Each structure stands twice: as C-alpha cells, then as structure tokens.
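>>> Below: sequence and its predicted model.
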Amino acid sequence: MIEIGPIRLANRVAIAPMSGVSDLPFRRAAAAGGAGLVVSEMVASAELVNARPDVLRRAEGDPAVRPFVIQLAGRDEHWMAEGAKLAEAAGADVIDINMGCPSRQVTGKACGSALMREPEMAVRLIAATVRATTKPVTLKMRLGWNHDSLNAPLIAKAAEDAGVRLITVHGRTRNQFYAGSADWSAIRPTKEAVSIPVLANGDIETLDHAREALRRSGADGVMIGRATIGRPWLGGAIAKALEFGAASIMEPTLEAQAAGMLALYRDLIGHYGEPLGIRIARKHLSGFIDAAPMDISPVVRRNLRSEVCRSFSISYIQDVLELLANGKLPVLAAAA
C-alpha cells in the first residue's frame with residue numbers, strides 16, 4: 001500500500017491535478033468514485049497568500065475528499081513557504097509541488113517544468129516548502145526539460161533528501177508537451193533512484209494502460225488525467241480491477257453514470273453559479289456522452305453532444321441526464 005508519510009492511500013490510483021478540471025465538484029465526484037488520491041488544480045503560491053478569489057476557490061477542500069491535496073506552483077522560496085503554511089491552515093493533508101506543467105504561461109515565468117532546467121533552484125524551493133509545513137510534501141515533475149537533460153532521477157533523489165514523501169513523474173519531457181506517447185519505461189530510473197513511492201503518469205486511460213505503465217516503470221501506482229473528464233468513476237474502477245487482478249474494469253451502467261453526471265452537473269452549477277458553471281460543465285458532459293454505453297449511432301451521439309454542450313438551459317441538461325439515469329434516451333437520440 002502507498003504511504004505518503006503517515007497517510008496511507010486506499011489504493012494505487014490517483015487523479016491528476018488538471019487546470020480547469022480538478023475543482024472541488026470534480027474532486028468530490030472522483031473521490032466518491034473510489035480514487036485513492038485526488039489533487040487540486042495548480043495554485044500559484046503568491047496568489048494564494050494574497051487571497052485572489054479565483055485562486056482561493058481552486059484551493060477549497062471538503063471533508064469528503066481525503067486526503068486533501070493542494071498543489072502549489074512558484075519559484076520564490078518565501079512565497080512557496082507561505083503558500084504551504086496557508087494551505088496547511090486551510091486543512092490540506094498534503095502539499096504537492098508543481099514542477100511538471102509545460103504550458104508557456106507557466107514556464108514563461110520560470111515555474112512548473114521550467115524548474116527542471118534549474119535543479120539547484122528547484123531543490124531550494126522544495127526544501128523551503130518542506131520546512132514550512134508539518135504536512136507531507138509531494139512532487140510532480142516530468143522526465144526533464146528535453147531529451148538532452150533527463151534529470152528527473154537526480155532531482156527526485158535530492159527531493160527525497162529534502163523531505164519529499166512521494167514523487168509523480170509524467171513520462172514526457174517539457175519540450176514534448178503532450179505530443180507522441182508517454183514513455184513509461186523512462187520513469188524507471190527515477191523509481192530506482194529513490195526509496196519513497198513513485199507514481200507513473202501520462203497517457204493512462206485504461207486498465208491495460210495502467211498495468212503496462214506499472215510494469216514498465218516499476219512505479220508503486222499510477223496517476224490518471226484527461227481520461228477521467230466526464231468519467232470521474234474511472235480511477236476507482238481501475239483501482240479495484242488492479243487490486244483484485246480482474247481482466248477488465250466493472251464499468252458503471254449507463255443509468256449509474258448518468259446519475260453521477262447529474263450530481264456533478266448540479267454541484268458545478270452550485271459551486272460556480274450561472275453562466276460560468278454551465279460553461280465549465282460542458283467538458284464533463286462532452287466526455288460523458290462520448291464514452292457512455294449508449295446503443296446509438298455515432299451520428300446520433302455527436303448530435304446529442306452538440307445539442308447538450310450548446311445549451312444554456314440548466315433544466316434541459318438536467319432533463320436529459322434524468323432520462324438517461326432512468327434508462328431512456330432523449331428525444332433527439334431516440335428520433336434520429
């Protein structure tokens with residue numbers, strides 16, 4: 001079983017911190033679906049300390065989501081330390097450090113995966129964060145900035161020495177962004193460099209992917225990202241199949257998935273209000289409709305997704321999801 005300091009995770013499957021996705025409603029849904037660990041959206045440490053409203057919202061927790069993990073980003077020791085203190089005061093059980101985000105908006109400020117070009121600076125930030133909190137600190141990073149500097153093992157070892165308790169490695173370099181395929185085998189040197197748990201991340205969408213990522217990387221667990229959009233139950237289903245050695249996951253019925261999506265939709269509307277909640281929910285509605293086990297043609301599925309994701313009517317969306325939760329197709333799908 002994976003342990004983050006004194007915290008023992010329920011299983012080997014974590015849900016990745018995803019910008020614009022891993023808000024509190026989604027984390028509630030993923031935790032209810034059985035994921036062993038769910039991480040908040042990336043939070044800029046200085047902006048958290050300065051109480052920017054949207055940043056505070058990203059860092060919200062809920063007693064139903066344990067452990068509560070807040071991911072911090074930054075490149076200033078003072079602000080990372082202050083952010084860690086504030087996160088702990090807000091109830092965080094774990095502080096995660098972002099050294100994996102490849103976006104130009106983040107790396108342009110020399111944060112995220114840009115820190116892998118400055119390992120000494122990275123280790124100072126890690127050490128400052130660890131010193132500032134009594135909670136365990138974890139680290140998420142990539143293989144390196146590019147293929148000429150695959151320094152994840154070296155940074156991981158230094159991070160462990162500084163007090164980090166778990167490391168997640170995305171199997172790409174920063175310069176790859178999300179192109180090509182994640183190289184799970186390239187994570188193995190990091191696993192071999194440290195004695196703390198390591199999670200393999202990148203392109204893990206199915207049970208077979210999870211098993212292969214574990215085999216190639218030697219990691220202790222996996223972290224799943226985009227595949228969970230619209231399917232917050234997926235992490236728990238994969239975790240259960242891994243635990244029991246099942247040949248396939250137990251996918252929830254259409255009715256159960258639709259009921260879960262309806263609950264998530266209502267939670268998103270309540271969390272953000274209108275019209276922001278309506279827009280934010282669309283990515284989850286799209287992911288749900290694309291993958292839901294409905295016996296309809298691809299054309300009907302596309303039409304249903306298009307109509308649902310264009311609508312600004314909360315009552316219409318709820319009616320569609322309630323029909324599906326009762327095993328009935330909406331008029332659009334049934335008539336096409």
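Good, I have the coordinates. Note that the structure is a prediction, hence the values are computed from the model and not measured.
>>> For the protein, give me the ranges with low pLDDT.
Counting by pLDDT under 70, the chain contains low-confidence ranges at 51-56, 332-336.
>>> Need the single longest helix in it, by residues.
Among all segments of the chain classified by DSSP state H, the helix with the greatest residue count is helix 254-272.
>>> ok, then the element right after that one?
Moving toward the C-terminus from helix 254-272, the next helix or strand (DSSP states H and E) is helix 276-291.
>>> Can you give me every residue that contacts Glu3?
Listed by Cβ atoms under 8 Å, 6 or more residues apart in numbering, the contact set of Glu3 reads Leu9, Arg165, Pro197. C-beta coordinates here come from the backbone N, C-alpha and C atoms, glycine included.
>>> Just give the number of residues close to the nearest residue in space to Asp76 that is not next to it in sequence.
The spatially closest residue to Asp76, leaving aside those adjacent along the chain, is Ala46, at 6.8 Å (Cβ to Cβ, 6 or more residues apart in numbering). Burial of Ala46 is recorded as 19 neighbouring residues (other Cβ atoms under 10 Å).
>>> Does Ala46 lie in a helix or a strand, and which?
Following DSSP H and E, one finds Ala46 within helix 45-49.
>>> same for that helix, what does it pack against?
Contacting helix 45-49 under the criterion 3 or more Cβ pairs under 8 Å, 6 or more residues apart in numbering; DSSP states H and E are the following elements: helix 53-58, strand 69-73, helix 77-89.
>>> so what does the shortest one touch, helix or strand wise?
Read that as strand 69-73. With contacts defined as 3+ Cβ pairs under 8 Å, 6+ apart, the packing partners of strand 69-73 are strand 37-44, helix 45-49, helix 77-89, strand 94-99.
>>> Let me see the backbone angles for Glu251.
In terms of degrees, to the nearest 10, the main-chain angles of Glu251 are phi -70, psi 130.
>>> and stretch 269-282, how far apart are its ends?
Separation of the first and last residues of stretch 269-282 by Cα to Cα, to the nearest Å is 11 Å.
>>> same check, this time on stretch 3-14
The first-to-last residue distance of stretch 3-14 comes to 13 Å (Cα to Cα).
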